[in-house]
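1. Next input, structure requested:
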Amino acid sequence: MELPSRQVLADSVYEQIRALIMNHGISPGDRVNIDEVARELQVSGTPVREALARLESEGLVSRLPLRGYRATELLTPQEIADLYELRLLLEPQAAGKAATKMTEPLALALRAELQTCPAAPTSGNYEGYKALTAHDARLHQLILHMAGNEAVEQAITRTHCHLHFFRLSYNQPFGEQTIDEHHAIAEALIARRPKAAKDAMKHHLETARDRILARL
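-> Presented below is the predicted three-dimensional model:
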């Protein structure tokens, strides 16, 4: 039986620790004991450290001087409002611009992305929502990329907002509205209707923000 490659092992450990954080198996603010996690996952400390470095870049853990890592705290209502304010400044404009640049290959790419998550998940844990969270991030990134402003695209990417918003919704099923709103945005884009695309994106972001804040 062949041993898994180093990269496969590193990716597996990363996904397992990420799931622990997203499902609050490691609670917000808790210290991450590298040796303990390594024993639990039956691996050495090296892939655990590599995984934590990746998770730090996503803002899911932070490094403690001389003490390892801890899981970051959940976003506060003010931080949520600030992130959505940034997104509302940038993403509706980007959607409108993307609609003016729509081509048949881009329309096919949009339709293909919608098919990666055709229905809302039924469970409220990270495994259930992993596909929706990844789809949400990819769709928004695709639209930003279509708009053609790399600075705007990178600004949104660096926030890792989709991951952090999901942490706030732990064990609270949702998703049908998100998928419906994604389809409305895509339809406006494919129809090359800039104002409709801009309005659909604005509505999506505002309602998503309000749904999250209402749960807190």
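2. excluding its backbone neighbours, what's nearest the spatially most central residue of the chain?
-> With distances taken as Cα atoms, centre = their mean, His162 lies nearest the centre of the chain, 2.9 Å away. In space, His162 comes closest to Ala137 once its chain neighbours are excluded; the distance is 4.3 Å by Cβ to Cβ, 6 or more residues apart in numbering. For glycine as for every other residue, the C-beta is placed from the backbone atoms N, C-alpha and C.
3. element containing that neighbour?
-> Assigned by DSSP states H and E, Ala137 belongs to helix 126-147.
4. what's that helix packed up against?
-> Here helix 126-147 touches helix 6-22, helix 77-100, helix 104-115, helix 150-157, helix 161-168, helix 176-190, going by 3 or more Cβ pairs under 8 Å, 6 or more residues apart in numbering; DSSP states H and E.
5. Let me see the contact set for the nearest residue to Glu58 once chain neighbours are set aside.
-> Using Cβ to Cβ, 6+ apart and skipping residues adjacent in sequence, the residue nearest Glu58 is His160, 4.7 Å away. Shown in contact with His160 (Cβ atoms under 8 Å, 6 or more residues apart in numbering): 58-60.
6. one step back: okay but the residue nearest to the centre of the chain is in contact with Asp136, surely?
-> Yes. Applying Cβ atoms under 8 Å as the test, His162 and Asp136 come out as touching, 5.2 Å apart.
7. that older thread, out of the helices and strands packed on helix 126-147, which gets nearest to Gly68?
-> Nearest of the helices and strands packed on helix 126-147 to Gly68, taken as Cβ to Cβ: helix 6-22 at 12.9 Å.
8. May I have that closest one exported as PDB, CA atoms only?
-> Extracted in PDB, the C-alpha atoms of helix 6-22 (Å, rounded to 0.1, in the frame of the first residue of the first chain):
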ATOM      1  CA  ARG A   6       3.600  14.800   1.300                       C
ATOM      2  CA  GLN A   7       1.400  17.300  -0.400                       C
ATOM      3  CA  VAL A   8      -1.700  15.100  -0.100                       C
ATOM      4  CA  LEU A   9      -1.000  14.600   3.600                       C
ATOM      5  CA  ALA A  10      -0.400  18.400   4.100                       C
ATOM      6  CA  ASP A  11      -3.700  19.200   2.300                       C
ATOM      7  CA  SER A  12      -5.600  16.600   4.400                       C
ATOM      8  CA  VAL A  13      -4.300  17.900   7.700                       C
ATOM      9  CA  TYR A  14      -5.100  21.500   6.600                       C
ATOM     10  CA  GLU A  15      -8.700  20.500   5.700                       C
ATOM     11  CA  GLN A  16      -9.200  18.700   9.000                       C
ATOM     12  CA  ILE A  17      -7.900  21.500  11.100                       C
ATOM     13  CA  ARG A  18      -9.900  24.000   9.100                       C
ATOM     14  CA  ALA A  19     -13.100  21.900   9.700                       C
ATOM     15  CA  LEU A  20     -12.300  21.900  13.400                       C
ATOM     16  CA  ILE A  21     -12.100  25.700  13.500                       C
ATOM     17  CA  MET A  22     -15.200  26.200  11.300                       C
END
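9. contacts for that helix?
-> Applying Cβ under 8 Å, 6+ apart, the contact partners of helix 6-22 are 4, 25-26, 32, 37, 41, 43, 47-48, 50-52, 54-55, 60-61, 71, 126-127, 130, 163, 166-167, 170.
10. Write the PyMOL selection for whichever of those are buried.
-> Buried residues among those (16 or more other Cβ atoms under 10 Å), as a PyMOL selection:
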select buried, resi 26+32+37+41+43+47+48+50+51+52+54+55+60+61+71+126+130+163+166+167+170
